[in-house]
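Colleague: From the sequence below, what's the structure:
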Amino acid sequence: MPNHDTGYTARQVLSMLRGNQIKEALALCERAVQVNPDDGPAWTLLAYAFGVSGQPLKAIACGERAVRLHPDSTDAHMNLGNALFQADRFQQAAQCFQRVTELVPASAAAWLMLAKTKGQTGLFQETERHARKALELDAQSHEARFVLANSLLSQDRPDEAVRIYREILATSPGAAEVHYCLGGALHRQGKFADAVACYTEAIRLQPGSVFAYNAKGQAQHAQGKTREAIETYQSALKLAPREAALYTHLGNALASQGRLDEATASYREALKLRPDLAQAHNNLGNVLHAQGLVDDAERSYDEALRLKPDFTEAHSNLLFCMNYNPRHTPAALFEAHLAWAALHAQSPRRDTAYAVRPEPDRRLRLGYVSPDFRTHPVAYFISPLLQHHDRNRFEVICYAEVSKPDETTARLRALSDGWRSTCGMSADKMAETIRSDAIDILVDLAGHTSNNRLPVFAHRPSPVQVSYLGYPNTTGLDAIGYRLTDNTADPSGSERFYTEKLVYVAECFACYAPPADASDVSPLPARDSGAVTFGSLNNLSKLNEAVVRLWCEVLRVVPSARLLICRRTLKGRVKERFQRLFADRGHGPERVELLGAIPSEMNHLSLYHRIDIGLDTFPWNGHTTTCESLWMGVPVVTLYGDRHAGRICASVLKAVGLERLIARDPGEYVRIATGFANDLDELERLRAGMRDRLRASALCDGAGFTRRLEQAYREMWGEWCLGTTVST
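Modeller: The predicted model follows:
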C-alpha cells in the first residue's frame, strides 16, 4: 500500500534492493520514518534494507522499533530475526523466528531460519525437527534439506547425512558447499578416497576454497597418502599464506613422515600467526616429544592447556610425555593423572542398571578397546589373547579406533567374534553401543596414548572395566576398577600409585607373539667385527641425558666397543643434537652410529644381526623392543626402576629366566653389560639358545597365558556378581 506522504511502496523498495540500489532504498525508507515515525511497515523495510546492506546493528534497532509498533507483523519479526542472526545473537533470533511460526504455522521460511538458528547454538535435535517441518511445508527446499543433513552429521549420524547430501546433488550438482559437506560425512565414515573426490569437486567448483583444500589434505593424510596431503596443503598456502590451521595440518603430515625439523618449523609458523592456537601448541609438543625434548614438549602441552583448559587430548599427551621424564616421581605422576580425571572424566552417567545378568559361571562378553589394532606394538601382545580365548566361556568384541586399517587389522579382526569401528563416534554414542552389545568386561588397551577413548569409560558402559597393556601407569579414572599386571612390574607397595585395583597375572603380565617374518638368529657379530656392538632401537623419547651418560660409561669401560642407535627420526637437527650429547662425553661418530634409515633391503629386525648386546632405557624401558631383541638372540641389560614403566623389561627377562640381566643400580648395569662384552663365549651360547628359551617360556605361551588371564577376568566378574566390585 502506498504511503501518500512519502510516495514509496514496498514493491518499489524491494525492487531497488534487488537492483543493488541500496543507498536509494535506504534513503527512501529513512525519509518515510522521518515523516511518520509510527509507520511500522516503513521501519520493517528499513530494517530489511540495513540487513541487505550488511549493517546488522542498525537493522536490529529498526527491527525492534517495527516489532514494538506492530507486534503481530510476521515481516517485522522475520527481519529482526535475520538481523539478529547476522549479528550472531542466535538466542534472540530464535525467539523472533519462533514468534513467526506461531503467527503463521505454515511459514516454511520461518521454520528453516529457526532450524538454522538452533544449529548455531548446538541444539541439533531441535535443528533436525525444525528442518523436517520446513521440508514438510516446502518439499523442494534444498536449503532445508542441507540444514537437515548438517544436523544429522552433527548428531553423529553420517549415514543419513550422506544420503541427503546425495539427494541434493542429484538435482544441484554444482553446489560446491554440498560437495564439501558430503566429503566431511564420508570422512567421518572412514571412506577417505570418496571424501577426497568430493573435496576435489568442491575445489573445481570453487577454486579459491581454502576450507576444501584443507579438508582434502586431511582426508589424504588419513588415507595414508601423506605426500599428496603435503602437496595439497602447500597449494592451499599459496592461496592463504597466513592461514595458521594450514601450517598446523602441514606439520602433522610432515611429522608422520618423520620430517621432524620441517614439522617443527611449520607448527612454529602457525603459532607466529596465531599464538592462541591450542592445537598447534599440542602438535608442536608431539614433535618435540618425538625428538626426545620432553621438557620442551611439556611446556608446549602446558601452553595448549592454558589456552584451552578442557583440551582432553593435550592433557593426555602431557601425561604420556611425563612418563618419559626422569624428573617426575611416581607420586607426582599419580597426582597428575588424578588431575586429568577430575577435569575430563567425571562420570556423566551414574546409574548402574546393566542389561547383563550377574551370573558367575555363564559365558562372558569381553570388549577390547584400542586404537592400535594395526601394525603396532600392541598387536604383538593382543593377538595371542584373541587367538586363544576359550570361545565356550568368552565371546570377544573389539572396538577399533583405527582410521587406516592394514593387514594386521584384518588378521586381528578375523580372530575376534565381533568388530566395531569407533572412528568418528562420540563418547556418548560409543558408550551406548557398548551397552547395547551387553559387554560384561570392558578392557582399555591404550591408557593416555594417542587416540585413546578413556572418556567413554567414564560413562561406565560395562559393569567391569579394566586397564591393561598399552600404558604403563594408572588411568586416574575411578570408573576403571582394575589393572592387570604382575609382581615384578608392580611389586608390593605399588598399589598406592593406582586408582585401579591391581590384579596380578602369574609369570608375566603380557604374552608376546614373535613376528612371523623374523629371519634366523645370526652368528655373534663381534666374532666378525672384532669388537662388541651395543645397541638400542628404542624411541628417542626414552633416550634422556641420564641414559646417554650411563651408556657412555659402558663405552668408556670397553674402549673397543661401539654403540648402534637406530630410529627413523634421527635426521637433521635431531641427529645433530644426539651426536653432540655423545661427543660431549668423549664418544664421536667413530664409536656411536646414529642410523636414521634402515637400508631398503632390510627390515628393522635385521638390524639385530649387527648388535651383540642390547642396552635398555629408563625411566621407561623398552617392552616390544626388548621382546624383539631377545627373539633375535640379543640379550638386553636393564636397570630395575621405581615404577611400572621402569620394570617392564625386568618382567620380560624374569619370564624367560634371565634375571641376571637385571641391574639394581647404575654401577651394576655397567658391570653386567661390560661383563658380557668381555665374555664372547658366554654371549655366543646365550645368543644361540635364545629363541628356544623364549619358545619354552611363559612370555610366548599364548594358551597358558590366556588361561591365567581368563581366570583373572572370572575373579573380577565374580566380585561384581557378589555386589562387591570396585568399578561401580
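
Colleague: From residue 169, how far off is residue 370?
Modeller: 36 Å (CB to CB, to the nearest Å). For glycine as for every other residue, the C-beta is placed from the backbone atoms N, C-alpha and C.

Colleague: higher neighbour count, those two?
Modeller: When neighbours are counted by other CB atoms under 10 Å, residue 370 comes out ahead of the other of residue 370 and residue 169, with 28 against 17.

Colleague: Specify the beta-bridge partners of the more buried one.
Modeller: With DSSP bridges as the criterion, the beta-bridge partners of residue 370 are residue 400.

Colleague: how far away is it from residue 429?
Modeller: Here the criterion is CB to CB. By it, residue 370 lies 18 Å from residue 429.

Colleague: Residue 261 now?
Modeller: Taking CB to CB as the criterion, residue 261 is separated from residue 429 by 39 Å.

Colleague: Show me the strands in the stretch 601-728 of the chain, by range?
Modeller: Remark: strands assigned in the stretch 601-728 of the chain by DSSP state E, counting those that start in this stretch are 613-615, 636-639, 662-663.

Colleague: packing partners for the shortest one?
Modeller: With contacts defined as 3 or more CB pairs under 8 Å, 6 or more residues apart in numbering; DSSP states H and E, the secondary structure elements packing on strand 662-663 are strand 636-639, helix 648-655, helix 666-677.

Colleague: ditto for the longest one
Modeller: Contacts of strand 636-639 with other secondary structure elements, assessed using 3+ CB pairs under 8 Å, 6+ apart, are made with strand 613-615, helix 624-631, helix 648-655, strand 662-663, helix 666-677.

Colleague: One more pass at 10 Å, please.
Modeller: Using 3 or more CB pairs under 10 Å, 6 or more residues apart in numbering; DSSP states H and E as the contact criterion, the secondary-structure elements in contact with strand 636-639 are strand 533-536, helix 545-557, strand 613-615, helix 624-631, helix 648-655, strand 662-663, helix 666-677.

Colleague: Indicate which one of those is closest to residue 226.
Modeller: Of all the helices and strands packed on strand 636-639, it is helix 624-631 that lies closest to residue 226, at 23.6 Å by CB to CB.

Colleague: Grab the nearest non-local neighbour of the residue nearest to the spatial centre of the chain.
Modeller: A centroid search over the chain (CA atoms, centre = their mean) returns residue 451, at 2.9 Å, as the residue closest to the centre. Setting aside the residues directly before and after it, residue 451 is nearest to residue 371 in space (CB to CB, 6 or more residues apart in numbering), at 3.7 Å.

Colleague: isn't the one you found right up against residue 378?
Modeller: Yes. Here residue 371 reaches residue 378: they are 8.8 Å apart, a contact under CB atoms under 10 Å.

Colleague: what do those two both touch?
Modeller: Listed as contacting both residue 371 and residue 378 by CB atoms under 10 Å, 6 or more residues apart in numbering are 445, 446, 449, 470.

Colleague: Nearest to residue 126 among the residues you listed?
Modeller: Within the shared contacts of residue 371 and residue 378, proximity to residue 126 (CB to CB) peaks at residue 446, which comes in at 34.9 Å.

Colleague: pLDDT score for that closest one?
Modeller: Looking at residue 446, its pLDDT is 98.

Colleague: now it: how far from residue 312?
Modeller: If you measure residue 446 against residue 312 using CB to CB, the figure is 13 Å.

Colleague: Which one of the two is surrounded by more residues?
Modeller: Neighbour totals were compared for residue 446 and residue 312, and residue 446 leads with 23 against 18 (other CB under 10 Å).

Colleague: OK, contacts around that one?
Modeller: Residues counted as contacts of residue 446 (CB under 10 Å, 6+ apart) are 316, 369-372, 378, 401, 452-454, 467-471, 475.

Colleague: same thing but 8 Å
Modeller: Residues in contact with residue 446, defined by CB atoms under 8 Å, 6 or more residues apart in numbering, are 369, 370, 371, 372, 378, 452, 453, 454, 470, 471.

Colleague: Out of those residues, which sit inside strands?
Modeller: 369, 370 (DSSP state E).

Colleague: which regions of the protein sit below the pLDDT cut-off?
Modeller: 1-10, 12-13, 17, 19, 347-352, 600-601, 724-728 (pLDDT under 70).

Colleague: Give the pairing partners of the host helix or strand of residue 593; include direction for each.
Modeller: Following DSSP states H and E, one finds residue 593 within strand 592-595. Sheet pairing here is set by DSSP bridges, and for strand 592-595 it gives strand 562-566 (parallel).

Colleague: what separates the partner strand from the chain centre, distance-wise?
Modeller: In terms of CA atoms, centre = their mean, to the nearest Å, the gap separating the centre of strand 562-566 from the centre of its chain is 32 Å.

Colleague: can you check stretch 700-716 too?
Modeller: What separates the centre of stretch 700-716 from the centre of its chain is 30 Å, taken as CA atoms, centre = their mean.

Colleague: Repeat that for stretch 195-213.
Modeller: How far stretch 195-213 lies from its chain's middle: 25 Å, per CA atoms, centre = their mean.

Colleague: Adjust the sequence numbering to begin at 195 for everything that follows.
Modeller: With 195 as the first residue, the last one maps to stretch 389-407.

Colleague: domains of this structure?
Modeller: Per automatic domain parsing, the domain ranges recorded for the chain read 195-281, 522-705+895-922, 719-894.

Colleague: And for residue 800, nearest residue in space, chain neighbours not counted?
Modeller: Using CB to CB, 6+ apart, the nearest residue to residue 800 is residue 713, at 6.3 Å.

Colleague: From residue 604, how far off is that neighbour?
Modeller: Distance, residue 713 to residue 604, using CB to CB: 24 Å.

Colleague: Would you mark the buried spots in stretch 673-690?
Modeller: When neighbours are counted by 16 or more other CB atoms under 10 Å, the buried residues of stretch 673-690 are found to be 673-684, 688.

Colleague: typed the wrong thing, it's stretch 688-708
Modeller: The neighbour-count check on stretch 688-708 (16+ other CB under 10 Å) flags 688, 691-697, 699, 701-708 as buried.

Colleague: Could you do stretch 719-733 as well?
Modeller: For stretch 719-733, a neighbour-count test (16+ other CB under 10 Å) marks 719, 720, 726, 727, 728, 729, 730, 731, 732, 733 as buried.

Colleague: Over to stretch 835-850?
Modeller: Going by 16+ other CB under 10 Å, stretch 835-850 has these buried residues: 835, 837-850.

Colleague: Looking at those, spot the one nearest residue 501.
Modeller: For the buried residues of stretch 835-850, the minimum distance to residue 501 (CB to CB) is 29.0 Å, reached by residue 839.

Colleague: Name the nearest residue to that closest one, ignoring sequence neighbours.
Modeller: In this structure, residue 839 finds its nearest non-sequential neighbour in residue 666, 3.7 Å apart by CB to CB, 6+ apart.

Colleague: Would you check how far apart the one you found and residue 780 are?
Modeller: Residue 666 sits 33 Å away from residue 780, taking CB to CB as the criterion.

Colleague: Neighbour count for the two, which is higher?
Modeller: Neighbour count, other CB under 10 Å: between residue 666 and residue 780, residue 666 has more, with 23 against 10.

Colleague: so who does the more buried one touch?
Modeller: With CB under 8 Å, 6+ apart, residue 666 has these contacts: 517, 641, 814, 837, 838, 839, 842.
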